[in-house]
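Undergrad: could you work out the structure for the sequence below:
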Amino acid sequence: MCGRFASITPPEAMRRMFDTRNLVPNFPARFNLAPTQDVLAVRFNPETRERSLDPLRWGLIPHWAKDQSIGAKRINARAEGIADKPSFRDAFRRRRCIIPADAFYEWKAGTKPKRPYAIRRADGQMLALAGLWESWKSPDGQWVRTCTIITTEANALVGQLHDRMPVILPPEDHGLWLGEEPATSEELKALLMPFPADLMEAYPVGFEVSKVSSEGPGLLEPAGERLQYSALENEP
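TA: Numbers count the residues shown, from 1 in each chain. Alright, predicted model coming up:
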């Protein structure tokens, strides 16, 4: 799963990276984003043919939901069967997004307390997490826009911590995922694969990140040796 992540790249830099065209949102660096909080997401408008960078609440609320509490249980969407699940199938067809992140956190089982790890691209580039978004109208008439992060089976690196990881899209797949070109359901599902382990790194961080209220650059500081793995584990 993906239950916490860091988004510290300035929105202006995200605008350039993802070529968004709307007014850059005011969004401070966040080192410990948690479910039900606002995150930034890249979306594509098929009418204007432009990308936008927008704040969305993390935790998808399907358009048919009676209340917003359902969103806290839908922070992640499993890639397997996503095209058929009632909570996600409409968004998968029409409302896909990319959620930029600098790193995500995972907790290693078998330790007391569980040791948190930061996981990111080894080259320092942002992670483009595959997501879905929805619009939900509250009983008082307010529109709430929410999102979820899609997960897949873990690669050889992340698998040392958890059996799931977020789907990370390479730049060449961004347009297809966002809907800038026609794609079948099968073509889209083919994108929901584990990111190559040899392009990532994972290292332990302090226990402070386990508290939702914790913030600041110290949360991403290494607190031990990086995880090691054999590249052979990635081979079929």
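Undergrad: who's in contact with the residue located most distally from the centre of the chain?
TA: Among the C-alpha atoms of the chain, the one farthest from their average position, using C-alpha atoms, centre = their mean, is that of Asp140, at 29.5 Å. By C-beta atoms under 8 Å, 6 or more residues apart in numbering, the contact list for Asp140 is empty. Every C-beta, even on glycine, is put in place using the N, C-alpha and C of the backbone.
Undergrad: over to Arg93: give its phi and psi.
TA: Summarising the backbone geometry of Arg93 under the convention degrees, to the nearest 10, its torsions are phi -80, psi -40.
Undergrad: all helices for the chain, in order.
TA: Taking DSSP state H as the criterion, the chain carries its helices at 11-18, 89-94, 174-178, 185-189.
Undergrad: what does the second one contact?
TA: Contacts made with helix 89-94 from outside it, assessed by C-beta under 8 Å, 6+ apart, are listed as Leu60, Pro62, His63, Ile82, Ala83, Leu132, Trp133, Glu134, Thr148, Gly179, Ser185, Leu188.
Undergrad: report the buried members of those residues.
TA: The neighbour count (16 or more other C-beta atoms under 10 Å) marks Leu60, Pro62, Ile82, Leu132, Trp133, Glu134, Thr148, Gly179, Leu188 as buried among those.
Undergrad: name the residues of stretch 206-213 that come out as buried.
TA: Applying a neighbour-count criterion of 16+ other C-beta under 10 Å, the buried positions in stretch 206-213 are Gly206, Glu208, Val209, Ser210.
Undergrad: measure it end to end?
TA: The stretch stretch 206-213 measures 14 Å between its terminal residues, going by C-alpha to C-alpha, to the nearest Å.
Undergrad: so how far is it off the chain centroid?
TA: Relative to its parent chain, stretch 206-213 has a centroid offset of 19 Å by C-alpha atoms, centre = their mean, to the nearest Å.
Undergrad: one step back: export the helices of the chain as TSV, with columns for mean pLDDT.
TA: Written out in TSV, the entries for those read as follows (pLDDT from 0 to 100):
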stretch	mean pLDDT
helix 11-18	98
helix 89-94	96
helix 174-178	98
helix 185-189	97
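Undergrad: need those in JSON lines with distance to Tyr117, can you?
TA: As requested, these are arranged in JSON lines below (distance: least, C-beta to C-beta, whole Å):
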{"stretch": "helix 11-18", "distance to Tyr117": "24"}
{"stretch": "helix 89-94", "distance to Tyr117": "29"}
{"stretch": "helix 174-178", "distance to Tyr117": "26"}
{"stretch": "helix 185-189", "distance to Tyr117": "28"}
